[in-house]
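Asker: what's the 3D shape of this:
(chains A and B)
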Number of protein chains: 2
Amino acid sequence: MHSFKELSDIFEKQFSERHFPLQPASLYDAAQYILQIGGKRVRPVCVLMANELFDDLGPDAFHVANAIELFHNFSLVHDDIMDAAPLRRGLPTVHKAFGDSTALLAGDVMLVQSYDFINRIQPTHVQEILSIFNQTAREVCEGQQLDMDFEKRTEVSLDEYVHMIELKTSVLLAACLKMGAILGGSSKHNQDHLYAFGKNLGIAFQVQDDYLDAFGDPAIFGKQPGGDILANKKTFLMIHARETAGATLRESLDEIMSGHSPDKVGKVLDIFRKCGSDQWATSLKETYYAKAMQHLEEVAVVASRKKELEMLARFLLQRDR
Amino acid sequence: MHSFKELSDIFEKQFSERHFPLQPASLYDAAQYILQIGGKRVRPVCVLMANELFDDLGPDAFHVANAIELFHNFSLVHDDIMDAAPLRRGLPTVHKAFGDSTALLAGDVMLVQSYDFINRIQPTHVQEILSIFNQTAREVCEGQQLDMDFEKRTEVSLDEYVHMIELKTSVLLAACLKMGAILGGSSKHNQDHLYAFGKNLGIAFQVQDDYLDAFGDPAIFGKQPGGDILANKKTFLMIHARETAGATLRESLDEIMSGHSPDKVGKVLDIFRKCGSDQWATSLKETYYAKAMQHLEEVAVVASRKKELEMLARFLLQRDR
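Answerer: This next block holds a predicted model:
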């Protein structure tokens, strides 16, 4: 069994090779650019961890891990175009650095290349993996569309928001674990519980992400809080506050959100606190974390083999601090 | 053996079923919109024709035909975003009707869905077909990138232009024929000659397309000639004229092209005629057509079975009028 750090290093070493032809450089340099910016590589490592839960790490797990990381980067490049985002991991986004059209095409070619990795796995598994990969890819697109749709709406229910988050971010983490488990020869029971573990972990992570964006310590979080508020984004906190505030307070909130007060963030955070949205979010995160851990508990391998996944969950949800 | 018309009708009947879930409608209605606009469905019918050259039409050929038509429409939607094109087949493009972001995502989800069709074919063929499909998809992206790169350059050689056209349009037609042949159980020899037939046919078609845009009869062609000239596009004619004109004439051409004279099109067409680019293009089209037919000749099935493909080639290259 390897640690997250060890698997991340092993993954990075083979992933850092160039994945594309040299020509046309105008296309492939753009694709290579985003891949080299890095990231935590959580998703591909989850494929490897789930594989190692049941069997020695095999080449197929690396093919799927590479496919997943390419897919994830494809979705980042296209999302950044849609959001007109200037920065990604502190550097210019692909469309800022290479232009919108090339970024669009670079995304396309990364998605195609991800299928090329899927096609390298053993024939016995290729169709099952392809099926999960396709379904997940479709769901991620649906989640992004819902996210954009929600931006145009005032009322979004908690259920709708959770469903969007599941599609946009959680199913990919869940699918990584399930695919790794399949390649490791695990039972359907174990695959399903790992999928549910990943899905709940993903939602818990998003709750935390929304919370930190509002209440995170800038010294630890690395940026000023309130980015989501300034971008008028729906978040767990905003939805809770709007659902629980009385009519007067909700009107105040909507008024502040539609204006450009210099202390917009501070005023909104006050209302979040008045509604208890901060404590509610902390407790909601714990609820999803607990659900995730229950599903991991149900995975039928000796407890010692699950240690690394438990540590990853704690690390992602900052429970190791 | 079925005619093009018969296969086109059979294809359309099963393709006209909805290919996507109903929700989120904001995403899937956009995808469905472009599919319903129609088109000649040449590519999927080529899959079916090549399949029927060697065997009775099987379900796998329809899966691949559907995948190809979805892929083709994905590329149209993304190309139209990149070209900021307002119309497609006389109707608003997807990004005009649904917005850039939804068009981008609808393209993505169509590409994913095309892989879902690939995954429905028999296990014995899935990896070989997937491999050709991936390579072709990559090449189509490369072709689009080169096309955009060429717009920014003054000098593009004929070889470079032909290479771009091969990637952007010909390889897809070629791959359709090859994949149909593979599913029909044909030999490598036959697959390769059908691929070369499609590739040369595709180039001949593009030569004709460039020619008609300049010299087509508006009464037959349905639009005023000179669209490519007004859009400052590289074409077979422009490249030939710039390569063969003397220094003075080339300077005139470049001056006219960089200006906005009300008779820009007429002046450029005059220079094309002076350079003999019109006759050269007609002859070049015949050269590629002849190459295509030589490769079809080499396909080792009785001549009578090739009749429909020959008729399709004549129809596409307007040799039946």
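
Asker: residues of chain A that sit close to chain B?
Answerer: By Cβ under 8 Å from any Cβ of the partner chain, the part of chain A that sits against chain B consists of A:23-24, A:26-27, A:78, A:81-82, A:100-102, A:104-105, A:107-109, A:111-113, A:115-116, A:118-119, A:123, A:126-127, A:130-131, A:134, A:137-138, A:141-142, A:144-146, A:148-149. Using the backbone N, CA and C atoms, a C-beta is placed for each residue, glycine as well.

Asker: for residue A:176, which non-adjacent residue is closest in space?
Answerer: Here the nearest residue to residue A:176 in space, its sequence neighbours aside, is residue A:46; by Cβ to Cβ, 6 or more residues apart in numbering or on different chains that works out to 4.1 Å.

Asker: residue A:61 now?
Answerer: Beyond its immediate neighbours in the sequence, the residue positioned closest to residue A:61 (Cβ to Cβ, 6+ apart) is residue A:51, lying 3.9 Å away.

Asker: which other helices and strands contact the helix or strand harbouring the one you found?
Answerer: Counting by DSSP states H and E, the element that carries residue A:51 is helix A:42-54. Where contact means 3 or more Cβ pairs under 8 Å, 6 or more residues apart in numbering or on different chains; DSSP states H and E, helix A:42-54 is packed against helix A:4-15, helix A:59-83, helix A:171-183, helix A:188-215, helix A:307-316.

Asker: identify the residues contacting the lowest-mean-pLDDT helix or strand in chain A?
Answerer: Taking mean pLDDT, DSSP states H and E as the measure, the helix or strand of chain A with the lowest value is helix A:218-221, at a mean of 77. Contacts of helix A:218-221 with the rest of the structure, by Cβ atoms under 8 Å, 6 or more residues apart in numbering or on different chains, involve A:212, A:224-225.

Asker: need those in a markdown table (columns: neighbour count).
Answerer: Supplementary listing: the contacts of helix A:218-221 in a markdown table, determined by neighbours: other Cβ atoms under 10 Å in any protein chain shown:
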| residue | neighbour count |
| --- | --- |
| A:212 | 17 |
| A:224 | 11 |
| A:225 | 19 |
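
Asker: switch these over to JSON lines; also include distance to residue B:33 and pLDDT.
Answerer: Formatted as JSON lines, these follow (distance: Cβ to Cβ, whole Å; pLDDT from 0 to 100):
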{"residue": "A:212", "distance to residue B:33": "40", "pLDDT": "94"}
{"residue": "A:224", "distance to residue B:33": "42", "pLDDT": "78"}
{"residue": "A:225", "distance to residue B:33": "41", "pLDDT": "85"}
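
Asker: return the member of the residues you listed nearest to residue A:287.
Answerer: Taking Cβ to Cβ as the measure, residue A:212 is the one of the contacts of helix A:218-221 closest to residue A:287, at 17.5 Å.

Asker: okay, now the unreliable bits of chain A?
Answerer: Scanning chain A for pLDDT under 70 picks out the ranges A:222, A:319-321.

Asker: centroid-nearest residue for chain A?
Answerer: residue A:169 (4.0 Å; Cα atoms, centre = their mean).

Asker: separation between the closest residue in space to that one that isn't next to it in sequence and residue A:195?
Answerer: With sequence-adjacent residues excluded and distances taken as Cβ to Cβ, 6+ apart, residue A:169 is closest to residue A:202, at 5.3 Å. Remark: distance between residue A:202 and residue A:195 (Cβ to Cβ, to the nearest Å) = 11 Å.

Asker: joint contacts of those two?
Answerer: What both residue A:202 and residue A:195 touch, as defined by Cβ under 8 Å, 6+ apart, is the set residue A:174.

Asker: returning to that earlier point: may I see the buried residues of the helix or strand just after the least confident helix or strand of chain A?
Answerer: Counting by DSSP H and E, the next helix or strand C-terminal to helix A:218-221 is helix A:227-230. Buried residues in helix A:227-230, counting neighbours by 16 or more other Cβ atoms under 10 Å in any protein chain shown, are found at A:228-229.

Asker: do the same with stretch A:291-307
Answerer: Neighbour-count burial for stretch A:291-307, with 16+ other Cβ under 10 Å as criterion, is recorded at A:291-293, A:295-296, A:299, A:306.

Asker: swap in stretch A:306-321?
Answerer: For stretch A:306-321, the buried set under the neighbour-count rule, 16+ other Cβ under 10 Å, comprises A:306, A:308-309, A:312-313, A:316-317.

Asker: what sits up against it?
Answerer: Contact partners of stretch A:306-321, identified using Cβ under 8 Å, 6+ apart, comprise A:1-4, A:42, A:45-46, A:49-50, A:52-53, A:197, A:201, A:204-205, A:208, A:285, A:289, A:292-293, A:296, A:299.

Asker: run the last query once more with 10 Å
Answerer: A:1-7, A:40, A:42, A:45-46, A:48-50, A:52-53, A:173, A:177, A:194, A:197-198, A:200-202, A:204-205, A:207-208, A:212, A:220, A:285-286, A:288-289, A:292-293, A:296-297, A:299, A:303 (Cβ atoms under 10 Å, 6 or more residues apart in numbering or on different chains).

Asker: burial check on the closest residue to residue A:118 other than its chain neighbours, number of neighbours?
Answerer: Beyond its immediate neighbours in the sequence, the residue positioned closest to residue A:118 (Cβ to Cβ, 6+ apart) is residue A:67, lying 5.0 Å away. For residue A:67, the number of neighbouring residues by other Cβ atoms under 10 Å in any protein chain shown comes to 26.

Asker: ok, residue A:67 touching residue A:129?
Answerer: Yes. Assessed by Cβ atoms under 10 Å, residue A:67 is found in contact with residue A:129 at 8.6 Å.

Asker: between the two, what contacts are shared?
Answerer: Between them, residue A:67 and residue A:129 share the neighbouring residues A:118-119, A:121, A:179, with contact defined by Cβ under 10 Å, 6+ apart.

Asker: by neighbour count, which of the residues you listed wins?
Answerer: Comparing those by number of neighbours (other Cβ under 10 Å), residue A:179 comes first, having 31 neighbours.

Asker: quick one: contacts for that residue?
Answerer: Under the criterion of Cβ under 10 Å, 6+ apart, the neighbours of residue A:179 are A:46-47, A:50-51, A:60-61, A:64-65, A:67-68, A:118, A:121, A:125, A:128-129, A:132-133, A:136, A:191, A:194-195.

Asker: so who does the spatially closest residue to residue A:65 that is not a sequence neighbour touch?
Answerer: Ranked by Cβ to Cβ, 6+ apart and with sequence neighbours excluded, the top spatial neighbour of residue A:65 is residue A:44, at 3.5 Å. Applying Cβ under 10 Å, 6+ apart, we find residue A:44 in contact with A:7-8, A:11-12, A:15, A:61-62, A:64-72, A:176, A:180.

Asker: one more time with 8 Å, if that's ok
Answerer: Residue A:44 makes contact with A:11, A:15, A:65-66, A:68-69, A:176 under the criterion Cβ under 8 Å, 6+ apart.

Asker: neighbour count for those residues - can I get that in JSON lines?
Answerer: Below are the contacts of residue A:44 laid out as JSON lines (neighbours: other Cβ under 10 Å):
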{"residue": "A:11", "neighbour count": "20"}
{"residue": "A:15", "neighbour count": "16"}
{"residue": "A:65", "neighbour count": "30"}
{"residue": "A:66", "neighbour count": "23"}
{"residue": "A:68", "neighbour count": "27"}
{"residue": "A:69", "neighbour count": "26"}
{"residue": "A:176", "neighbour count": "29"}
